[in-house]
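In: Show me the folded form of this:
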Amino acid sequence: MNSMFTGLIEAIGRIDAIDRSDDASARTLRVATSLAAELHTGDSVAVNGVCLTAATVDVSGFTAVVSPETLRVTSIGQFAAGRVVNLERPLRADSRLGGHFVLGHVDAVGRITALREDGECYWLEVEYPEALAPLLISKGSVAVDGISLTVAALTGTRFGVQIVPHTWSHTALSAARPDDEVNLEADVIGKYVVRMMEAHRGQGVDMGSLAAFGGGLS
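Out: Residues are numbered from 1 along each chain as shown. Got it, this is the predicted structure:
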């Protein structure tokens, strides 16, 4: 079962250590965080927007094994000891929903092209792969390193977002720099819409095709 996140960061952590497997195909992260007091072995936790499983937990942190595929499609392969990371536990069924639906499945790795003060806030620009373009819309949602943000500007293959003071001070963005890689996840609802349109390209979309695609709608 997929875990569901909101993109509202609960805590930040620090990468204490990174251990490589014998063939260097996987890595084990050790993350120091106060959030460990509320974690159990086997729990899911989003680390910079990547859903990982806590392999071991103690009073000061947890470890998680990162698979070769996850290393390939996320920025975790570039992590080094001492890096500050965003952490979020999965959404509970009885929780209020803020942010937007995030699965912890990274769609692409982007690159910060600008990060500057903008009054009391900050302005962040990210360059993204062209393949992600159909999933990004102005005023829509995007998760950047697991943080739910609103797209304020779209130009070519770059988007801009406004970072408010609370987000700046409560996430790892305050440690980010231009040229840093960031994990990007588009809104999951938008993905289904794009997939539906692709599946019915040239056929037209009506309630009948929606029902067929969705397995039956009333």
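In: Only C-alpha atoms from now on, for both contacts and neighbour counts.
Out: Noted.
In: ok, residue 91 touching residue 4?
Out: Yes - counting by Cα atoms under 8 Å, residue 91 touches residue 4, with 5.6 Å between them.
In: can you tell me how far residue 43 sits from residue 3?
Out: Between residue 43 and residue 3 the computed distance is 10 Å (Cα to Cα, to the nearest Å).
In: Kindly report the same for residue 100.
Out: 13 Å.
In: okay, those two: which has more neighbours?
Out: residue 100 (22 against 18; other Cα atoms under 10 Å).
In: which residue packs closest to that one, ignoring adjacent ones?
Out: Counting by Cα to Cα, 6 or more residues apart in numbering, the nearest residue to residue 100 once its immediate chain neighbours are dropped is residue 6, at 5.0 Å.
In: and residue 57, which of the three is it?
Out: Three-state call for residue 57 (DSSP: H, G, I helix; E, B strand; the rest coil): strand.
In: Run a quick neighbour tally on it.
Out: 20.
In: beta partners for it?
Out: For residue 57, the beta-bridge partners under DSSP bridges are residue 62.
In: pretty sure it contacts residue 39?
Out: Yes - using Cα under 8 Å, residue 57 is in contact with residue 39, at 6.9 Å.
In: what about the helix ranked longest in the chain, average pLDDT?
Out: Looking across the chain with DSSP state H, the single longest helix is helix 188-199. What helix 188-199 shows for mean pLDDT is 76.
In: That one: which residues count as buried?
Out: 188, 190, 196, 197 (16 or more other Cα atoms under 10 Å).
In: And for stretch 61-75?
Out: 61, 62, 63, 64, 65, 66, 70, 71, 74, 75.
In: Ok, stretch 42-55 next?
Out: In stretch 42-55, counting by 16+ other Cα under 10 Å, buried: 43-55.
In: In strands, which of the residues you listed fall?
Out: Among the buried residues of stretch 42-55, the ones falling in strands (DSSP state E) are 44, 45, 46, 47, 50, 51, 52, 53, 54, 55.
In: will you turn the residues you listed into TSV that also has distance to residue 109 and pLDDT?
Out: Formatted as TSV, those follow (distance: Cα to Cα, whole Å; pLDDT from 0 to 100):
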residue	distance to residue 109	pLDDT
44	21	96
45	19	97
46	16	97
47	14	98
50	11	97
51	15	97
52	17	97
53	21	97
54	23	97
55	25	97
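In: Including distance to residue 14, could those residues go into CSV?
Out: Output for those, formatted as CSV (distance: Cα to Cα, whole Å):
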residue, distance to residue 14
44, 17
45, 14
46, 13
47, 10
50, 15
51, 16
52, 15
53, 17
54, 15
55, 17
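In: where does residue 100 land on pLDDT?
Out: The score at residue 100 is 76. That number is its pLDDT.
In: Just say helix, strand or coil for it.
Out: Assigned by three-state DSSP, the conformation of residue 100 is coil.
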